[in-house]
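# For reference, the sequence and a predicted model appear below.
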Amino acid sequence: MMAVKPSFRDDLRVYLQPRVLVIFILGIASGFPWVMIGSALSAWLQEEGLTRSVIGYFGAVFGAYSINFLWSPLVDSIKIPILTRSLGQRRSWILSCQLIIVAACFALSQLQVSEHLHLVGLLAMAIAISSATQDIAIDAYRIESFAVTEGRLQSAGAAMATAGWWTGYAGLGAIPFFIVDSQQWYWQDAYAILGFIMLTIAAVVLVVRKATYHQQDSDGQLAHAGLLGRLEHILFAPIKEFFQRNGVKFALSVLVFIFLFKIGEAFLGRMSIVFYKEIGFSNDQIGTYSKLVTWWVTILFALLGSAVNLRMGIVKGLLFGGLAMAASNLMFSWIALVGPSEQLFLSAVIIDGFTSAWSTVAFVAFISLLCNRTFTASQYALMASLGTLGRTLLSSYSGVVVDALDGNWTLFFLLTAVMVIPSLLFLWHIRHTLTHLESLRDDR
C-alpha cells in the first residue's frame with residue numbers, strides 16, 4: 001500500500017514540536033558570537049580608523065571554525081567534571097563554552113581598541129575558539145535529537161538551526177548598532193550588553209532536555225582499547241569510516257564541494273559592514289536593514305525553504321540555492337554604482353536573506369545526511385569546518401582584494417558572484433549518488 005504523502009500544512013506543523021524548538025534556541029546561541037567577532041567588531045575597528053586590510057585580517061579569528069574538527073573527537077569523548085553528570089555530554093560542553101564567551105565579552109567592554117589592539121585580537125580569538133567548540137556540541141545535539149528515520153524532523157531541525165542562527169546573528173546583532181548610534185553609548189557599552197545577553201542564553205541551556213546519545217558502539221570499543229587504540233579511535237576512526245563508507249572518489253568530491261560552496265558569500269559578508277559605512281549608511285540604517293530585515297527574511301525563508309527542499313530534494317535545493325546566492329551578490333554591485341539608496345539596500349538584504357537561508361538549510365541537511373551516528377560530532381564538525389575553512393582562510397584577504405581593486409566595490413561584488421560556480425560543478429558530478437543516499441534514508 002502506498003504511503004500518504006504529508007500535506008504542506010503537516011510539513012509546517014513539525015516546527016512546533018518541542019525538540020525542534022530547542023534546536024532554534026541553540027541556533028541563537030550558535031549565531032550570536034559571530035556578532036561579537038564579526039559585524040560589531042568590524043564596525044568598531046572601522047570607526048577607530050583601521051584600514052580595510054587590517055579589518056579583513058581580523059577575520060582570521062574565524063579560522064577556529066575551520067579547524068574545530070581537530071578537537072571535535074574530544075567533545076565526543078571527554079567528560080567535563082560535575083557538569084557532564086548533571087547536564088549530559090552535549091549540554092555540558094555547550095554551557096562551558098558559553099561561559100568563556102561571556103567572560104571574553106566583558107573583558108572587551110573594558111578595552112580601548114587604539115591602545116590594546118593585540119589584546120582585542122586575543123579576546124576575539126578566545127570567543128571564536130569557544131564558539132567553534134560549542135558549535136560541535138550543538139550540531140551533535142541537533143543530529144542526535146532525531147532518529148535516523150525521522151527525515152522530516154531532521155529537515156525541520158536544519159531549518160530551525162538556520163532560523164535560530166540568524167536570530168542570534170541578525171536579530172540580536174542589531175542591538176549594538178542601535179546602542180552606538182545613541183550619543184551616550186560606546187562600543188564598550190555595547191559589548192557589556194552582548195555579554196549579558198549571552199549569559200541569559202547560557203541560563204536557558206540549563207533547562208533544555210538531554211539529546212538521545214547515539215554513541216554506544218563507540219563507547220564499547222573504547223572500553224577495551226589501550227591508550228594508542230583510544231587515540232586512534234578518537235582522532236582517525238571518524239575520517240576512516242567516512243571514506244570507507246562512501247568510497248574515496250565520492251568522499252573527496254563531497255569535501256571539495258563543501259570547501260568551495262560558500263566562499264563568495266563569505267567574501268561579501270566579511271566586507272559588508274565596511275562597505276555599508278564607506279558608501280554612507282549610518283549605524284541605525286545598518287542595524288535596521290542589514291540586521292533586523294535580514295533576520296525576519298531569513299527566518300521566513302529558512303522555514304519555507306526547508307519544506308520546499310524536502311520536496312525538491314537536497315541536490316536540486318543546493319543547485320538552486322547556489323545560483324540564487326551568486327545572483328544576489330550582484331545587488332550589492334548595483335548599490336556600489338548608485339550610492340546609499342535605502343530602497344536598494346532593502347531590496348538587496350531581502351534577496352540576500354532569501355538566498356542565504358535557502359542555501360544554508362540545504363547545506364545543513366546535506367552534511368547531516370552524510371554523518372554516521374557513531375561519530376556524529378566528529379564527522380559533522382569535519383565537514384562543517386571544512387566549509388568554514390574555505391570561507392575564512394580566503395575571505396580574510398577580502399580587504400586586500402578591495403584595496404587591490406582600488407576600492408572598486410562594484411567589481412569586487414561581481415567577483416564574489418562567480419565564486420560559487422566551481423562548487424556547483426562538483427555537486428553536479430555527485431548528484432546521482434546523493435539522490436540515492438537520500439532515497440535510502442526516506443525508505444527507512
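That came through fine. Residues are numbered from 1 along each chain as shown.

# Between the two ends of stretch 411-431, what distance do you get?
32 Å (C-alpha to C-alpha, to the nearest Å).

# got the buried residues for it?
Buried residues in stretch 411-431, defined by neighbour count with 16 or more other C-beta atoms under 10 Å: 412-413, 415-417, 419-420, 423-424, 426-427, 430-431. (Glycine included, C-beta is placed from N, CA and C.)

# I'd like those residues written out as TSV, with pLDDT and secondary structure added.
Formatted as TSV, those follow (pLDDT from 0 to 100; DSSP: H, G, I helix; E, B strand; the rest coil):
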residue	pLDDT	secondary structure
412	89	helix
413	88	helix
415	88	helix
416	85	helix
417	87	helix
419	84	coil
420	83	coil
423	87	helix
424	88	helix
426	89	helix
427	88	helix
430	85	coil
431	85	helix
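
# which one of the residues you listed sits closest to residue 327?
residue 417 (7.1 Å; C-beta to C-beta).

# Run a quick neighbour tally on the nearest residue to the closest one once chain neighbours are set aside.
Excluding its sequence neighbours, the residue lying closest to residue 417 (C-beta to C-beta, 6 or more residues apart in numbering) is residue 329, at 4.2 Å. If you count neighbours by other C-beta atoms under 10 Å, residue 329 ends up with 25.

# residues contacting residue 329?
Neighbour list for residue 329: 264, 265, 268, 352, 413, 414, 416, 417 [criterion: C-beta atoms under 8 Å, 6 or more residues apart in numbering].

# Just flag the most distant two among those.
Taking C-beta to C-beta as the measure, the contacts of residue 329 span a maximum distance of 15.2 Å, between 352 and 414.

# quick revisit: helix, strand, or coil at the residue nearest to residue 417?
Judged by DSSP: H, G, I helix; E, B strand; the rest coil, the three-state class of residue 329 is helix.

# What pLDDT is listed against it?
For residue 329, the pLDDT comes out at 86.

# Repeat that for residue 359.
Note for residue 359: predicted pLDDT of 81.

# what do you get for residue 326?
Confidence at residue 326, expressed as pLDDT, is 84.

# Also residue 3?
50.

# got the buried residues for stretch 86-100?
Using 16+ other C-beta under 10 Å as the burial criterion, the residues of stretch 86-100 that qualify are 87-98, 100.

# follow-up on the earlier one: please tell me how far the residue nearest to residue 417 sits from residue 352.
Using C-beta to C-beta, to the nearest Å, residue 329 is found at 8 Å from residue 352.

# before we move on, what about residue 114?
Separation of residue 114 from residue 352 (C-beta to C-beta) stands at 33 Å.

# Those two: who's more crowded?
The neighbour comparison of residue 114 against residue 352 (other C-beta under 10 Å) goes to residue 352, with 24 against 10.

# Quick one: distance of the helix or strand encompassing the more buried one to the chain centre.
Element membership for residue 352 (DSSP states H and E) is helix 342-369. Helix 342-369 has its C-alpha centroid displaced from the chain centroid by 12 Å (C-alpha atoms, centre = their mean, to the nearest Å).

# just checking, what packs against it?
Applying 3 or more C-beta pairs under 8 Å, 6 or more residues apart in numbering; DSSP states H and E, one finds that helix 342-369 contacts helix 151-166, helix 263-279, helix 294-312, helix 314-338, helix 376-395, helix 431-443.

# now the angle from the fourth one to helix 342-369?
Angle, helix 314-338 to helix 342-369, by axes from the mean of the first three to the mean of the last three C-alpha atoms, to 10 degrees: 160 degrees.

# list the buried ones in helix 314-338?
314-315, 317-322, 324-326, 328-329, 331-333, 335-336.

# Save the contacts of residue 329 as JSON lines, and put in distance to residue 23 too.
Below are those laid out as JSON lines (distance: C-beta to C-beta, whole Å):
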{"residue": "264", "distance to residue 23": "27"}
{"residue": "265", "distance to residue 23": "22"}
{"residue": "268", "distance to residue 23": "27"}
{"residue": "352", "distance to residue 23": "24"}
{"residue": "413", "distance to residue 23": "33"}
{"residue": "414", "distance to residue 23": "36"}
{"residue": "416", "distance to residue 23": "30"}
{"residue": "417", "distance to residue 23": "32"}
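
# ok, of these, which one's closest to residue 72?
Nearest to residue 72, judged by C-beta to C-beta, of the contacts of residue 329 is residue 265 at 23.5 Å.

# nearest residue to residue 273 other than its sequence neighbours?
Nearest-residue entry for residue 273: residue 42, 4.4 Å, with adjacent residues in sequence omitted and distances by C-beta to C-beta, 6+ apart.
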